[in-house]
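Asker: Whatever this is, show me its structure:
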Amino acid sequence: MSPHRKQATRLPSTPTVKWVTQWMAVVVVSFGGLLLSLGSPYLFGHKILVGEIADRDYVAHQKTYLVDFEKTKEAQDDAREKSLPTLRKLPEANAAMLTALKTKLDAVALAQIPTNSTSDKSIKQLADLVGSKDYNSWRADVEKVTAHFVKMESLLTCDSPEIWQTRVIEFLPDRWPNDLRIKTAEMVTTCLQPNIEVDREGTRQHMAETIAHIKPITKEVATGAIVVHKGDQLTAEDVSNLNQIGITHTYDFQSLLGVGTALLAAFMCFGIFLYTFEPLYFFSPSAIALMATVCVVASGIAAAVGKEYPQFVPLPATALVLSVIFGRRVGMILGILVIVFLRVSDLVAAPYLVALAAASGVALGANIKKRTELMLTGVLIGVVQAIAYFFASMVTGANGSAVVVGKELAQNLLGGLSSSIVAIGSLPFLEIIFGILTPFRVAELSEPDQPLLRQLEENAPGTYQHSLAVANLAEAGAKAIGADINLVRAGAMYHDIGKMVTPRYFIENQLGDKNPHDEIPPEDSRAKVLAHVTNGLVLAQKYGLPKQIQDFIPEHQGTTVMAYFYHKACMRDGAQNVSELDYRYPGPKPQTRETAIVMLADVSEAVTHSMRDPSQEEVEAAIGNVFKARWDDGQFADSDLSPKELDQVKQAFVRVWRTLHHERLKYPSTTTGRMPFVVQYPTSEQKSKEEGSKQPGG
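Answerer: So this is what the prediction gives:
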C-alpha cells in the first residue's frame, strides 16, 4: 500500500476558541457514538420474560450445547435419594448402657443364690446357664465385650432389637455354649439404646453440597435448529436457553458502565498514541471524525446483524479503509480495539470474530496502489475469512453437518467480498465529506487526462512542460527524504494552473514572442504575476481539487520576492522609494515538507532551464545558491524541513538533472562562438567494412 500522507492540519500556534470547541466536540461526539453502538445490547436489548409469546422462531446460528433441565433435575433427585444422612454421636448413651448392664449382671449374681426367688425368668435362666461356669469370668467377658461393642457399633433408633441382638452375638466368645450366647445377647440387648442420631441441619447442608457438585446435563443443539418456536409461551427454560445462545439480552446498565469505562481508557491510550506518533492526525478534527465514523459504522452494523449474519460485519472493510487513508499502523491499532470491544460486548460470536480478524489482517497487509487491485484483495479477504472460520469452528466445536459447513464457508466468502465492495464504494464519499486524500485519488489527479491538466496543456503548453519537469524533480526530492511522493507529484502538476488564464505574461509560454512586461510598469507586472496564484485557487476550487492540492498553489511561492520586477522598480524610482514588501508574494510559507520541496523544484527548474550548456558543477552550484537563498529568507520555517533534508533534496535534484542531460564537456570558444560539431558521414569503403563486421565470425 502506498505510504500514507500526513494530510491533517497542524495545531495552530495560537489555538482559537472555535478550533478548540470544534476539536472537543468531535472527540465527545465520537466517544458517544462508539458507546452507543458498542453498548446497544445493554441499552436496547429486548427483555424477554417468562410467559411471553414468542414472536418468531428463535434459531441457533451455530452448534451449541444447552442445559437439559429435565435430565439435570432427575440427576439431582437421584443424588438426593442416594445421599446418606449426616449422623451425630451421643457420648452419654454409651455410659448409660454400661450402667444398665451392670445392674443386669448384679441381678444374675443374685439369681444364683438358692434362697433368691426372682420373678424375671430370663435372668433366672441365664443364671442357671452361667452356673456351670465361673460367674466372675463370664461377667468379666460380658463387660469387656459390651464395652467394645458400644464403642465400635453405631446404634440407630430405626434399628430393631433383633438386629442389635444378632450383632451382639457376633462379639461374644465362640467357646461359650450356644444357649449361653443367646441368653447373654438377650440380656445385653435389653441394656442397649441408640448412641447416634441424624443431624438434620448437617444432612441438609450435605445434600445441598452434593447436588451443587452435579454438573448440569447438556444437550447438543445443531446449527440451524429451532430453540423456541413462534407462538410458544416462553417458560423459564426457554428464557434461559435464549440467553445462553445470546439471541436476547436484558437491560444491563452495569455492563454498559463497564463498557463505557473501558472505552474511555481506550480513547485516552489511542489519543496518547496519536499525539506521540501521528500528531497531525491528533490535531485534525476531520481525521478524528473520520476514524470515529468508520469505527461507529462497523460497530453499529455488528450490533444490528452480528448475531444473525456475523459473516457480513465489515471489519475487513474497516481495516482496509483506515489503512488506505491513515496508514497500516493506525489501521491496525484501531482494528484491534474494535475487535476487542466487539468481543467484550458479545456482538459477534468467537469463531466469526476470529475469521473477521484474520481477514482484517489480510486487508492491513495488502499492497494496493490502484482501485482495481482492491477487488483482487477483496477475493483474497473472502477466501481467508472462510478458511479462518473453518479452522476456528473446528477448534471451538461449532461446526455442524457438511451442508451447514458449506453454507457457512460460502457466506464467509461473500462477507469478505462485500467488505471489499464496501471499501471501494465508501472511499470516494469519505474523501469528499472529510476532505481526506487517498493514494488512489492522488494518483488519479496526476493523470494527464484530468480536465485542468488538459486545459493547462492546451492554453499554456510551456507551463505544462515546466510543471512536468518540476514534478520529476520534486518526486526525486520527496523520495530522498521519505516525504509523500504521490502528493508531491500531484501538487507539482497543479502548482501553476493559474498561469493558463494569462499565459503570455509568463516567459515559458512566450516562445520567442515579445515580452509584454517590457511595455508595462513593474507594479502592473507584479499584479499580473500575483494573479496566477489567485486565479489558480479559483480554478482549483471550481474543479473541486482537494485542499491538500490547493495548498501547493500559494505555498510554492511562499513570501518570496519577485526580484526582477522589484529590481526594475528600484532602477526606475530608486531603492529608497520602493518597499520590498510590495513585491513579495502574500504566502503562506510552505507548511509541509511536500510544499517546500515543490517550491525548491520550481525555482531550481527555472534556474537550470535558463542556463546555456552548464556543467554539473555549475548546476550544483546554482541549485545550492537557490536553496541557500530560500533558507536564509526563512521560507522553510513552518515546514519542518531540516538542513540535512535540504542537502538530500539538493543531491536528488542534481541526480535528476544529470540523468536527463548527461554530463557535457565544455568546448573551447572561438572568435565566432563555440566550436561547431562537424558531422562526418562514412565512406562506401567504411560501410562495407562495418557490414562485414556484423556477419558471423566477422
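
Asker: Quick one: mean pLDDT over the longest helix along the chain.
Answerer: Ranked by residue count under DSSP state H, the longest helix found in the chain is helix 402-434. Averaging the model's pLDDT scores along helix 402-434 yields 85.

Asker: now swap in stretch 220-228 and tell me
Answerer: 77.

Asker: Show me where the stretch 501-650 of the chain has its helices.
Answerer: Assigned helices in the stretch 501-650 of the chain, in chain order: 522-542, 547-550, 552-555, 563-573, 593-610, 616-632, 643-661 (criterion: DSSP state H, counting those that start in this stretch).

Asker: List the buried residues for the last one?
Answerer: Read it as helix 643-661. By neighbour count with 16 or more other Cβ atoms under 10 Å, helix 643-661 contains the buried residues 645, 646, 648, 649, 650, 652, 653, 654, 656, 657. (Each C-beta comes from the backbone N, C-alpha and C, glycine too.)

Asker: Next: the second one.
Answerer: Neighbour-count burial for helix 547-550 flags 548, 549, 550 (criterion: 16+ other Cβ under 10 Å).

Asker: show me where the stretch 101-250 of the chain has strands.
Answerer: 196-198, 218-221, 226-228 (DSSP state E, counting those that start in this stretch).

Asker: Just send the ones you listed back as JSON lines, with distance to residue 235 and mean neighbour count too.
Answerer: Written out in JSON lines, the entries for the strands of the stretch 101-250 of the chain read as follows (distance: least, Cβ to Cβ, whole Å; neighbours: other Cβ atoms under 10 Å):
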{"stretch": "strand 196-198", "distance to residue 235": "37", "mean neighbour count": "14"}
{"stretch": "strand 218-221", "distance to residue 235": "15", "mean neighbour count": "15"}
{"stretch": "strand 226-228", "distance to residue 235": "9", "mean neighbour count": "17"}
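
Asker: For residue 408, find the nearest of the ones you listed.
Answerer: Checking the strands of the stretch 101-250 of the chain against residue 408 by Cβ to Cβ gives strand 218-221 as the closest, at 15.8 Å.

Asker: what does that closest one contact?
Answerer: Residues lying outside strand 218-221 but in contact with it, judged by Cβ atoms under 8 Å, 6 or more residues apart in numbering, are 60, 63, 64, 65, 66, 67, 68, 71, 227, 245.

Asker: partner strands of it, parallel or antiparallel?
Answerer: Looking at strand 218-221 with DSSP bridges, its partner strands are strand 64-67 (antiparallel).

Asker: where's the partner strand relative to the chain centroid, distance-wise?
Answerer: 30 Å (Cα atoms, centre = their mean, to the nearest Å).

Asker: what sits up against that strand?
Answerer: Residues from elsewhere that reach strand 64-67 (Cβ under 8 Å, 6+ apart): 216, 217, 218, 219, 220, 221, 227, 240, 241, 244, 245, 398.

Asker: re the thing from before, I'd like the buried residues of helix 643-661 laid out as TSV, including pLDDT.
Answerer: As requested, the buried residues of helix 643-661 are exported to TSV (pLDDT from 0 to 100):
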residue	pLDDT
645	94
646	93
648	95
649	95
650	94
652	94
653	94
654	92
656	92
657	88
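
Asker: Would you reformat the residues you listed as JSON lines and include distance to residue 111?
Answerer: Putting these into JSON lines (distance: Cβ to Cβ, whole Å) gives the following:
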{"residue": "645", "distance to residue 111": "127"}
{"residue": "646", "distance to residue 111": "132"}
{"residue": "648", "distance to residue 111": "129"}
{"residue": "649", "distance to residue 111": "132"}
{"residue": "650", "distance to residue 111": "136"}
{"residue": "652", "distance to residue 111": "132"}
{"residue": "653", "distance to residue 111": "137"}
{"residue": "654", "distance to residue 111": "139"}
{"residue": "656", "distance to residue 111": "137"}
{"residue": "657", "distance to residue 111": "142"}
